[in-house]
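**Q** What would the 3D arrangement of this be:
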Amino acid sequence: MQKASSAKVGYLAILLAGLLLCLGVRFEANRQYLVAWQQYLEARQADSKDYTKRVSSFCSALNDNLGTLSFLPSVRRIDHYDHDFGLDGRGTQQFGANLGPDGRETIQQVYNILAKNASASRLYVVPLDFDTKHLDLATGNLERPILELDLIRSRSKTIGVDPGSNTPVRPEETRAPEFEEVQKQLNWFKVNYPSIDRMKTFAVPMISGREIATSGDRGLIFSAPFFDPDGNLAGSVAAVIPTAVLRGITGSENYSLISPLAEYISIPLPRNKNLRLMMRAANSVPPAKTIFSETVVMDTHDARGKWQLHINYPVEGFYSGVRFTARKDFENGSYLALGLLTLLGLGWHRTNIKRAVEMKESTKLLQLVNDDITRLNLDLAEKMRQLREAHDEIIKKGKLAQMGQLVATVAHELRNPLSAVRTSAYLLKRKLTGHSVNVDTQLQRIDNSVGRCDAVITQFLDYAKSHQLEYKEFPVDNWVVKLVEEEAQKLPEVIEVECNLGLDGVSASFDPNRLSRVLINLISNASEAMVGKGDDPQKFKTQVPKISVVTRQSRRGIEIDVSDNGPGIAEEQIPKILEPLFTTKSFGTGLGLPAAIQVLEQHRGGLQVNGGLGKGATFTAWIPLSPQQTQAA
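**A** Numbers count the residues shown, from 1 in each chain. Alright, predicted model coming up:
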């Protein structure tokens, strides 16, 4: 069952790895798509700037050439038109007699430039009183412009029909829409530019109109005014620009040249769609499914309103482009490669499973033998450890028992002579009282020395004998405060003693007499470690000696800390000071701390030492709240 589960996990791991790699490919493909998308947008923005520049250049060229014609001296002084018509309906005589050959040639050359730069199909020069509904009394025909040019000539003496030209006659009805639009624009100039003083800049005002039919095609008429030498409006110069030319400027159905005033749009759409597109362009609302849309307000020099270049790239253009298809091919190829790798991985895993089963069976017996050997080695090591610990414990207990007996014997043998010495000193003091012999100092020194020796003997006996504990229940904090206050009076005055009580009335069961010797021993050791006997400031180990006694309750029960700010204890000496007969004092037994540990262990507690050189020392004595607590634990 476990083998089958492991095999399934392996298969799932390979499939999961394949899936994660596919997700990685998808993530990378998405990143590449975003890069391609950004590159596509940057390319379209560059195209937008290019087409905007092309439209601006075209309009500038058209305005410049119409302005040049408007300010030509020959145009500003031109007289009325000719009445003699040729086969193509244009004048054959030298109308505008005051032009002269140079004036006519200049007009022709400017038109040539206009036809090349702006693709103007025709050029009209009309007088101020031009009216398409009036009859010419001399000819009986409707009025015509002064000049009408629609051919590019390298040199011309007359502006009319080229003698070698076979240009067919243009019917009058094909010209009528052009003449009507020219007249409308002239009427606008009459209202807005009656004199040259109305011009605020050096640029000649240019206007356009609606799209009209022009000789089988459609186009727009752009007009500019010209003024007589006195500065009054004299007429207008009008150029016919075919719609195909305007569409050729944008060059793509993604670009639409729009004149909101004339309701003109360069893309051939029905009128209702034209209006909707113009409304979206005016409000900068992109059509649906559009990747890039922008409406650029163009300065076409149209005095009646700005033109717009609406740029719209549908999403299909991006998805059918090289950038997207290349990355799509990469994604599909990566999926195919990962699919093959996943299949190879599954096959490899199946082979490994078979090999693993065979190896597992072959190593199973070897593993059993190895387990038996390991188990035997562990059992042997454990038995040896237990034997070594038992041996050490027996030796230690034997030594301690022997030392206890020796200490007890020595203590009893010494105490009797010391008692005799103390009694003799007392009797000698009484007999010498009232005599002139001054031996009080010597007798007091004998008494002090005997007291010291008696204290040492007491330590020996405390350590050697095992007293039965007499448990009593006390509020620990009260007991500690009382004991510390009594002991503090025996310490040198230079030592400061403080208590930080944290048991808050908690009571515990212990032998107060035995436990008091522990606390007194710890306080005495702290004092001697800092100031010695306290009688020689030169021997002080710290200038501000301080002992701190702290009580608290913990998991172990009641804890009492006795800390000092003395020189501290080297870490390597901490285990040694807990051994019997080890001391660093000049006059000591080395049994104070071992005796304290013995008392605490009788209470089912212990002693913990923390310190370091230059860090002071902290001795923590702890006992359970009651003997029952230890038994329950």
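
**Q** ok, then the element right after the worst-scoring helix or strand of the chain on mean pLDDT?
**A** Ranking every helix and strand in the chain by mean pLDDT, DSSP states H and E puts helix 271-283 at the bottom, with a mean of 51. Once the chain leaves helix 271-283, the next helix or strand it forms, by DSSP states H and E, is strand 290-298.

**Q** Help me confirm that Leu483 comes into contact with Leu519.
**A** Yes - using C-beta atoms under 8 Å, Leu483 makes contact with Leu519 at a distance of 5.8 Å. C-beta here means a position set from N, CA and C on the backbone, and glycine is covered the same way.

**Q** Of these two, which one has the most company?
**A** Leu519 (20 against 17; other C-beta atoms under 10 Å).

**Q** Figure out how far the helix or strand containing that one is from the centre of its chain.
**A** Assigned by DSSP H and E, Leu519 belongs to helix 512-531. How far helix 512-531 lies from its chain's middle: 61 Å, per C-alpha atoms, centre = their mean, to the nearest Å.

**Q** And stretch 493-511, by the same measure?
**A** Remark: stretch 493-511 is offset 55 Å from the chain centroid, using C-alpha atoms, centre = their mean.

**Q** Now do it: distance from first to last residue.
**A** Its start and end residues considered, stretch 493-511 measures 30 Å (C-alpha to C-alpha, to the nearest Å).

**Q** Ok, stretch 428-441 next?
**A** Stretch 428-441 has an end-to-end distance of 13 Å (C-alpha to C-alpha).

**Q** buried residues in it?
**A** Lys429 (16 or more other C-beta atoms under 10 Å).

**Q** contacting residues around it?
**A** Residues outside stretch 428-441 that contact it (C-beta atoms under 8 Å, 6 or more residues apart in numbering) are Leu443.

**Q** Now do it, average pLDDT.
**A** Stretch 428-441 shows a mean pLDDT of 72.

**Q** just stretch 239-246 next, same as before
**A** Averaging pLDDT along stretch 239-246 gives 86.

**Q** Equivalent analysis for stretch 335-351, please.
**A** Stretch 335-351 shows a mean pLDDT of 83.

**Q** how does this structure divide into domains?
**A** Listed by automatic domain parsing, the domain ranges of the chain are 53-160+172-318, 469-632.

**Q** end to end, how far does the longest one reach?
**A** Which is domain 53-160+172-318. Counting by C-alpha to C-alpha, you get 24 Å between the two ends of domain 53-160+172-318.

**Q** Now do that domain: distance to the chain's middle.
**A** Distance of domain 53-160+172-318 from the chain centroid (C-alpha atoms, centre = their mean) equals 59 Å.

**Q** And stretch 617-626, by the same measure?
**A** The answer for stretch 617-626 is 53 Å, by C-alpha atoms, centre = their mean.

**Q** before we move on, the earlier item: got the buried residues for the helix holding Leu519?
**A** Within helix 512-531, the residues scored as buried using 16+ other C-beta under 10 Å are 514-523, 525-531.

**Q** one step back: can I get the domains of the chain in JSON lines including distance to Thr423?
**A** Shown next, in JSON lines, are the domains of the chain (distance: least, C-beta to C-beta, whole Å):
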{"stretch": "domain 53-160+172-318", "distance to Thr423": "121"}
{"stretch": "domain 469-632", "distance to Thr423": "24"}
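
**Q** Worst mean pLDDT among those?
**A** Per-stretch mean pLDDT for those is lowest at domain 53-160+172-318 (a mean of 75).

**Q** Ser424: neighbouring residues, count only.
**A** With neighbours defined by other C-beta under 10 Å, the count for Ser424 comes to 11.

**Q** who touches it in this structure?
**A** Listed by C-beta under 8 Å, 6+ apart, Ser424 has no contact partners.

**Q** same check, this time on Ser236
**A** Counting by C-beta under 8 Å, 6+ apart, the residues that Ser236 touches are 125-126, 182, 185-186, 189, 223-226.

**Q** Which of those ranks first by neighbour count?
**A** Most neighbours among those, by other C-beta under 10 Å: Pro225, with 29 neighbours.

**Q** Now do the SS call for that residue.
**A** For Pro225, the assignment made with DSSP: H, G, I helix; E, B strand; the rest coil gives strand.

**Q** Double-check it against Ser70; I have them as touching.
**A** Yes - using C-beta under 8 Å, Pro225 is in contact with Ser70, at 6.5 Å.

**Q** Name the residues contacting each of those two.
**A** Listed contacts common to Pro225 and Ser70 are 204, 237; contacts here mean C-beta under 8 Å, 6+ apart.

**Q** that older thread, looking at the domains of the chain, which is closest to Arg375?
**A** With C-beta to C-beta as the measure, domain 469-632 is the member of these nearest Arg375 (35.0 Å).

**Q** Please identify the residue most distant from the middle of the chain.
**A** His435 (100.2 Å; C-alpha atoms, centre = their mean).

**Q** Surely that one forms part of a strand?
**A** No - secondary structure of His435 (three-state DSSP): coil, not part of a strand.
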